[in-house]
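>>> Sequence plus the predicted model coming up.
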Amino acid sequence: MGIVIALTILTAWIFNLFFSLKFVSVNLLNPLFYFSVLLQTYFFTGLFITSHDAMHGNITSNKFINNFIGKISCFLFAGLSYKRLIKNHFKHHSAPTSEDDPDFDTHTQNFWLWWFKFMKEYTTVLQVIIMAIFYNVLKYFFNEPAVVCFWLIPAILSTLQLFYFGTYIPHRHPERNLLKPHYARSQRKNHLFAMISCYFFGYHYEHHDSPKTPWWQLYKAGTLNNR
């Protein structure tokens, strides 16, 4: 099941990207333009969620296939290093909201400053080079405004989506009685919103409490409603 879901997300990302680049006009008066941007953003987020589940070994018990899908998802998402991502993510799980948590900013809870610090933790020179190559290859085959609107902008928007629903909302202000030991809160139970917002990662305490539960099963967990 995990492989099927992962491959569905990968296929949807590829199909919508090339459909949008080829057939959707960059026109601010065209409703399909906005829909395509938002849909591609959602599929970008799905790529990261897929790589995240691979890090926890939740796609398949076959380690080679699990990690291969994780690496491909990371690469397509933003040229990320799967190895670096695993290292930082497990630091986050072992010491959430502490000085040792690469996803948390102990100096400020300002959304934009924290997001910038979050991005800096995962950005490398090699990643920037890979993204530049991606951009120029796409630009060679498709017109540049389309590449910006349907590839570059959704990639950036997805980082905001992931950060807001998967880090900022669950872990902000740990001094406000967030449940230990994970120092995380969960959104109120609304499965449709949880799926649309960030693939059920609003149920964040549940993820920390049971990281071997794949994202598509998190909705079954009893949410704590401690937002």
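Looks like it came in fine.

>>> Low-confidence stretches in this protein?
Scanning the chain for pLDDT under 70 picks out the ranges 177-178, 222-227.

>>> what about the helices in it?
Using DSSP state H, the helices of the chain run over residues 2-23, 31-55, 63-78, 82-94, 111-122, 125-141, 144-147, 153-163, 169-171, 191-198, 204-209.

>>> if you compare those, which one is most tucked away?
With neighbours defined by mean count of other CB atoms under 10 Å, none of the helices of the chain is more surrounded on average than helix 169-171, at a mean of 23. Yep, even glycine has a C-beta here, placed from its N, CA and C like the rest.

>>> how near is Leu85 to Ile153?
Distance, Leu85 to Ile153, by CB to CB, to the nearest Å: 22 Å.

>>> List the contacts of Lys71.
Taking CB atoms under 8 Å, 6 or more residues apart in numbering as the definition of contact, the neighbours of Lys71 are Ser51, Ala54, Tyr82.

>>> So which residue of this structure lies furthest out from the middle?
Taking CA atoms, centre = their mean as the measure, the residue most remote from the mean C-alpha position of the chain is Leu29, 29.0 Å away.

>>> can you tell me which residues contact that one?
For Leu29, counting by CB under 8 Å, 6+ apart, there are no contacting residues.

>>> can you start the count at 496 instead of 1 from here on
Sure thing, new numbering starts at 496, so read that last one as Leu524.

>>> Now do the phi/psi pair for it.
Summarising the backbone geometry of Leu524 under the convention degrees, to the nearest 10, its torsions are phi -100, psi 0.

>>> Over to Pro669?
phi -60, psi -20.

>>> so it touches Tyr678, yeah?
Yes. If you go by CB atoms under 8 Å, Pro669 and Tyr678 touch, sitting 4.5 Å apart.

>>> Turn the helices of the chain into CSV, including distance to Asp595.
Formatted as CSV, the helices of the chain follow (distance: least, CB to CB, whole Å):
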stretch, distance to Asp595
helix 497-518, 30
helix 526-550, 18
helix 558-573, 23
helix 577-589, 6
helix 606-617, 12
helix 620-636, 23
helix 639-642, 38
helix 648-658, 19
helix 664-666, 14
helix 686-693, 24
helix 699-704, 15
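
>>> To Tyr714, which of those helices lies closest?
Set against Tyr714 and scored by CB to CB, those come closest in helix 686-693, at 4.8 Å.
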